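Engineer: Here is a sequence together with a model predicted from it:
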Amino acid sequence: MSLRDRIPEQLRLRDEMVAITVKDDVEVFPTTDYILLEISPNAGRVDIPKISNTIRDLVKSDKRMVAIRGYGFKGVGLSVRVAHELKKRESRFVYEMTFDTFEASDPETHRPITSVQIIIMPPK
């Protein structure tokens with residue numbers, strides 16, 4: 001089974017535009033199948049090591065799938081930094097990740113914003 005086949009239906013991106021609902025810099029939405037972490041396009045200072053450690057525990061220890069969605073320039077950059085930090089700190093475990101770009105809509109201006117979704121899979 002490929003990584004793409006393991007992605008839950010709710011996280012599969014299609015052609016429609018995703019509406020941004022993040023009110024804080026970073027918001028977490030837990031579900032039974034996965035945990036969604038969203039990073040705002042207006043994010044300020046974000047604790048990358050703390051987020052990376054939390055995701056590491058969820059994926060490696062709890063065997064949970066984690067999806068990171070970063071919106072806009074700041075959100076995309078911070079999302080990629082979190083994924084990089086995960087890979088950089090781990091030496092005995094190989095993370096399986098998928099990366100997708102998509103368009104989201106800013107609720108205030110309704111303009112499209114390029115965004116990224118990174119899904120980190122637990123080991124089989």
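Structural biologist: Looks like it arrived, so ask away.
Engineer: how near is Thr114 to Tyr71?
Structural biologist: In this view, Thr114 and Tyr71 are 9 Å apart by C-beta to C-beta, to the nearest Å. The way it works is simple: take the backbone N, C-alpha and C, and place the C-beta from them, glycine included.
Engineer: Compare the two (neighbour count), which wins?
Structural biologist: Comparing Thr114 with Tyr71 by neighbour count (other C-beta atoms under 10 Å), the higher total belongs to Tyr71, at 27 against 15.
Engineer: Asp5 versus that one, what's the distance?
Structural biologist: Using C-beta to C-beta, we find Tyr71 at a distance of 26 Å from Asp5.
Engineer: again, but for Ile35
Structural biologist: With distances defined as C-beta to C-beta, the gap from Ile35 to Asp5 amounts to 20 Å.
Engineer: Tell me which residue lies nearest the centroid of the chain.
Structural biologist: Nearest to the geometric centre of the chain sits Ile68, at 0.6 Å (C-alpha atoms, centre = their mean).
Engineer: on that earlier part again, comparing Ile35 and Asp5, which residue is more hemmed in?
Structural biologist: Taking Ile35 and Asp5 together and counting by other C-beta under 10 Å, Ile35 has the greater number of neighbours (19 against 6).
Engineer: Would it be right to say that that one lies in a strand?
Structural biologist: Yes: when the secondary structure is assigned by DSSP: H, G, I helix; E, B strand; the rest coil, Ile35 falls within a strand.
Engineer: Kindly provide the whole-number mean pLDDT of the longest helix along the chain.
Structural biologist: Ranked by number of residues, the top helix in the chain under DSSP state H is helix 72-89. Regarding helix 72-89, the rounded mean pLDDT is 92.
Engineer: buried sites along whichever strand or helix holds the residue nearest to the centre of the chain?
Structural biologist: For Ile68, the enclosing helix or strand under DSSP states H and E is strand 65-71. Going by neighbour count (16 or more other C-beta atoms under 10 Å), the buried part of strand 65-71 is 65-71.
Engineer: cool, stretch 88-104 as well?
Structural biologist: Going through stretch 88-104 with 16+ other C-beta under 10 Å, the ones that come out buried are 95, 97-98, 102, 104.
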